[in-house]
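Chemist: how does the following fold in three dimensions:
(2 chains)
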Amino acid sequence: MIEGKLYDGVTAHPHDVRVSVGDSTLDLAQDGGWSDSVDATLLKRRDAPAGKLRLGRTDLPGWRLLLPAEAEPELAALLGRPERYGRWIDRIGLVPALIAGGVITATVVGIGYLAPHWIAPHVPMSWERNVGTAIVGDFGDLKCRDPKGQQALEALVEKVSPGATKGPDAIKIAALNVPIFNAAALPGGYIVVFKPAITETDPDALAGVLAHEIGHVRRRHVTEALIRELGIGALIRLFAGGVGANAEQIVSLSYTRDNEAQADADAIAALKRANISPKPTAALFSRLAKETGETRGFSAEFLQSHPLSGTRAGRFAASFDAKTHYQPALSQPEWDALAEICRDASHTR
Amino acid sequence: MNEMASVDAAEQLPSIQFTGTMREYLPIAATNLLLTVVTLFVYRSWAKARERRYLWSRTRFIDDELEWTGTGQEMFVGFVIVALLLGLVWLTFNFGLPAIALRFGPAAGLCTLLAFYILGMFLYGLARFRGLRYRLSRTWWRGIRGGSSDGGWTYGRKAIGYYLASFLLFGFLYPWAQAKLWNERWNRMSFGPLDFEAQMTSDDTKGPFFAFLGAAIIGNLVIGLFTNPNIIVFGPGLPRLVVPILAYLAIGATYLNFLAAYYRSAAEWTRIGELEFRLNAEFADWLKFYLATIGLAIITLGLAMAVYEFRKWRFIAAHLEAFGTIDVDQLTQSQTHAPREAEGFLDALDIGAF
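Modeler: Next comes the predicted model:
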């Protein structure tokens, strides 16, 4: 016999009851002669501090039976195990739940990481073109418009990737009068080269850089990066032809290490096909490595998405074949014209 | 004969006592954190339910513990519904607004934008009301629960007016609006057959609030003055660093002082039946609590935030007192409709407890 306190869920008045445990029932009785027998399947443990046992009924909200904790062993068989983490976790147990959850989470994150790579090749080029055109327009005053220079620039693209400037998916190349040593691929087959990347290099190195950017375009790395960084929303925007992201965001898109290495491999192959020496490109990358103070180190390369310029330089240099008789990428007159491409362009602030 | 549960000054035990311990709570917090992470935050609703079941069940009011009966499942369903609703609002905002601005001109766009803000205020008010209603309806004491038979729609409409009044007058009406809204909420809540009565005014919060407003204005001016490189003040060096920090501290301190006054006043002017409340947490207590919170968060690299709810609950329970008597025979079961939608709104908008 256990002494307990009963709240009936009708008022907050406590009733003293004596409790005895039956086969599949809990039997309650009171001095006045009142008694009740509660089916065990209706009983549910409720939370209580140490020293107390609190039972509720699933059919009567507010019905509460308070018993001393010492009654626990006697009631254990009747009540079953208490709920701990929530029914769906309790069913499989905490550790299996953590493991299963961890695996699912890792899979979801993994898919989230890989999905852009799978989706990108299936995004119609025409969507991307709409976005590209909307963002860059005709580049305004920044564009270097010297016709002979433009001709030479396009000739250089044709050299490393024959037929690239023709057809519906043509590469649209532009030189911009911006004082940054850089080149970038934009959505819709646009490639921009900033002025110092022309004036401070030589035609062979520029050919290497262009071949690298063309690799990004052809392998849809731009679309991939767009989806990766702006999320699935980017797909909707691409479809709707809206801009959504501003030009700065697009230019600062970064590629994965794999994508960069792939574009490098494409560039090396393109240079080989065009019979252009990879050495100037290698020299350019090792110069960049020195300027940006990069040092070789596992962690640095492991953590950065961009392969270190020093490593890239090594790859280009390794592809140099001493027996090949390399041709210059552009003739001297063509290069002279290209160097003057920004002659009439206005200066940026 | 009626049985009375009373809390008098003569009583030995405090009317509200929290008996939870960090040792008991830590395993709950840790497993909650782990499960939440590995389920991509799906477990969050269940974690909240577990946390509350613990906190409530270790809080004794007079002679029996409170009980939380809300479930993770209902909170999760509420969250999903609200996430879908808010997603819909977001989509309309992102695509509808530009379309309207483009088609009907910028004036129409501006009107739509205003309509969105007003809708936002309404939803926020509705969420606060419904969150409170849900929490009371899942809070039991001696087999009796609380609740409200009001849907909160009127409250949501009124909230728009009070929020607008506060905004338009640069916050000067904020303490007044805040007190009014507290009353509007609590006067529609009940526990068992007893209605809450709230008659808060801004009398006690005005002063601290204006002190905070003044500190914020002057403080920001000082910070601007001392961090502007074009203005030379008292030579270079130390003042540039120390004075802005002091200004930030002053702003924070006046805000905390206002917060203390607000909760103190809210508790003082809220009653239910013959029961009255008092929150004796002073400025110094709040300061200690928040300094400890920040300190712990720094030392544990943020992990201590997992026990924040516990610490906050313990802090409030330690400082909250109730006086008066309850006729437990008259405390009959609540006839209010128990809401089914949980507190999805409140959760989605991330609004705190009570």
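
Chemist: which one's the longest strand in chain A?
Modeler: As assigned by DSSP state E, the longest strand anywhere in chain A is strand A:14-21.

Chemist: now it - C-alpha only, PDB.
Modeler: Extracted in PDB, the C-alpha atoms of strand A:14-21 (Å, rounded to 0.1, in the frame of the first residue of the first chain):
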ATOM      1  CA  PRO A  14      -5.600  17.500  -3.300                       C
ATOM      2  CA  HIS A  15      -7.100  14.200  -2.200                       C
ATOM      3  CA  ASP A  16      -5.300  11.700   0.000                       C
ATOM      4  CA  VAL A  17      -5.400   8.300  -1.600                       C
ATOM      5  CA  ARG A  18      -4.100   4.800  -0.900                       C
ATOM      6  CA  VAL A  19      -2.600   3.100  -3.900                       C
ATOM      7  CA  SER A  20      -2.100  -0.600  -4.600                       C
ATOM      8  CA  VAL A  21      -0.600  -2.200  -7.700                       C
END
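
Chemist: quick check: next helix or strand after it?
Modeler: strand A:25-29 (DSSP states H and E).

Chemist: what helices or strands is that following strand leaning on?
Modeler: strand A:14-21, strand A:35-39 (3 or more C-beta pairs under 8 Å, 6 or more residues apart in numbering or on different chains; DSSP states H and E). Glycine gets a C-beta too; all of them are placed from N, C-alpha and C.

Chemist: mind doing that once more with 10 Å?
Modeler: In this structure, strand A:25-29 packs against strand A:2-7, strand A:14-21, strand A:35-39, strand A:64-68, helix A:72-79, with contacts taken as 3 or more C-beta pairs under 10 Å, 6 or more residues apart in numbering or on different chains; DSSP states H and E.

Chemist: give me the neighbour count for the residue in the stretch 101-250 of chain B positioned nearest to chain A.
Modeler: For the stretch 101-250 of chain B, the residue closest to chain A is B:Gly143, as judged by C-beta to the nearest C-beta, at 3.3 Å. Neighbourhood size, B:Gly143 [other C-beta atoms under 10 Å in any protein chain shown]: 27.

Chemist: cool, and A:Leu330?
Modeler: By other C-beta under 10 Å, the burial measure for A:Leu330, its neighbour count, is 22.

Chemist: can you classify it as helix, strand or coil?
Modeler: coil (DSSP: H, G, I helix; E, B strand; the rest coil).

Chemist: how about the nearest residue to it once chain neighbours are set aside, what does it touch?
Modeler: Take A:Leu330 and drop its neighbours on the chain: the residue closest to it by C-beta to C-beta, 6 or more residues apart in numbering or on different chains is A:Pro203, 4.0 Å away. Applying C-beta atoms under 10 Å, 6 or more residues apart in numbering or on different chains to A:Pro203 gives the contacts A:152, A:155-156, A:159, A:276, A:280, A:328-332, A:334-335, A:338-339.

Chemist: hmm, 8 Å instead?
Modeler: A:Leu156, A:Pro328, A:Ala329, A:Leu330, A:Glu334, A:Trp335, A:Leu338 (C-beta atoms under 8 Å, 6 or more residues apart in numbering or on different chains).

Chemist: do A:Gly215 as well
Modeler: So A:Gly215 contacts A:His221, A:Gln262, A:Ala263, A:Asp264, A:Ala265, A:Asp266, A:Ala267, A:Ala270 (C-beta under 8 Å, 6+ apart).

Chemist: I'd say B:Phe283 and B:Tyr255 touch.
Modeler: No: B:Phe283 is beyond contact range of B:Tyr255, at 10.7 Å (criterion: C-beta atoms under 8 Å).

Chemist: name the helices or strands packed onto the helix or strand containing B:Ile81?
Modeler: Assigned by DSSP H and E, B:Ile81 falls within helix B:72-91. Other elements packing on helix B:72-91 under the criterion 3+ C-beta pairs under 8 Å, 6+ apart are helix B:44-57, helix B:344-348.

Chemist: between the ones you listed, which gets nearest to B:Leu114?
Modeler: Ranking the helices and strands packed on helix B:72-91 by proximity to B:Leu114 (C-beta to C-beta) places helix B:344-348 first, at 21.8 Å.

Chemist: after the helix or strand A:Asn259 falls within, next one along is what?
Modeler: Per DSSP H and E, A:Asn259 falls inside helix A:257-273. Following helix A:257-273 in sequence order, the next helix or strand is helix A:279-291 (DSSP H and E).

Chemist: mind checking how far B:Pro98 is from B:Pro106?
Modeler: Separation of B:Pro98 from B:Pro106 (C-beta to C-beta, to the nearest Å): 11 Å.

Chemist: for the strand ranked longest in chain B, what is the distance to the chain centroid?
Modeler: In chain B, ranked by residue count with DSSP E as the criterion, the top strand is strand B:320-327. Put simply, strand B:320-327 sits 23 Å off its chain's centre (C-alpha atoms, centre = their mean, to the nearest Å).

Chemist: that one pairs with which strands?
Modeler: Strand B:320-327 pairs in its sheet with strand B:4-7 (antiparallel), strand B:275-279 (antiparallel), by DSSP bridges.

Chemist: closest to B:Ala215 out of the contacts of A:Pro203?
Modeler: For these, the nearest to B:Ala215 is A:Leu338 (62.4 Å; C-beta to C-beta).

Chemist: ok so the closest one is a helix residue?
Modeler: Yes: counting by three-state DSSP, one finds A:Leu338 located in a helix.

Chemist: wait, what's in contact with it?
Modeler: Counted by C-beta under 8 Å, 6+ apart, A:Leu338 has contacts A:Gly149, A:Ala152, A:Leu153, A:Leu156, A:Ile198, A:Pro203, A:Leu330.

Chemist: how about those, which pair is most distant?
Modeler: A:Gly149 and A:Pro203 (12.6 Å).

Chemist: what about stretch B:15-31, average pLDDT?
Modeler: Averaging pLDDT along stretch B:15-31 gives 95.

Chemist: how about the residues of chain A that lie near chain B?
Modeler: A:7-14, A:46-49, A:52, A:54, A:61-64, A:66, A:85-86, A:89, A:94, A:97-98, A:101-102, A:104-105, A:108 (C-beta under 8 Å from any C-beta of the partner chain).

Chemist: tell me which of the residues you listed fall in strands.
Modeler: A:Tyr7, A:Pro14, A:Arg46, A:Lys52, A:Arg54, A:Arg64, A:Leu66.
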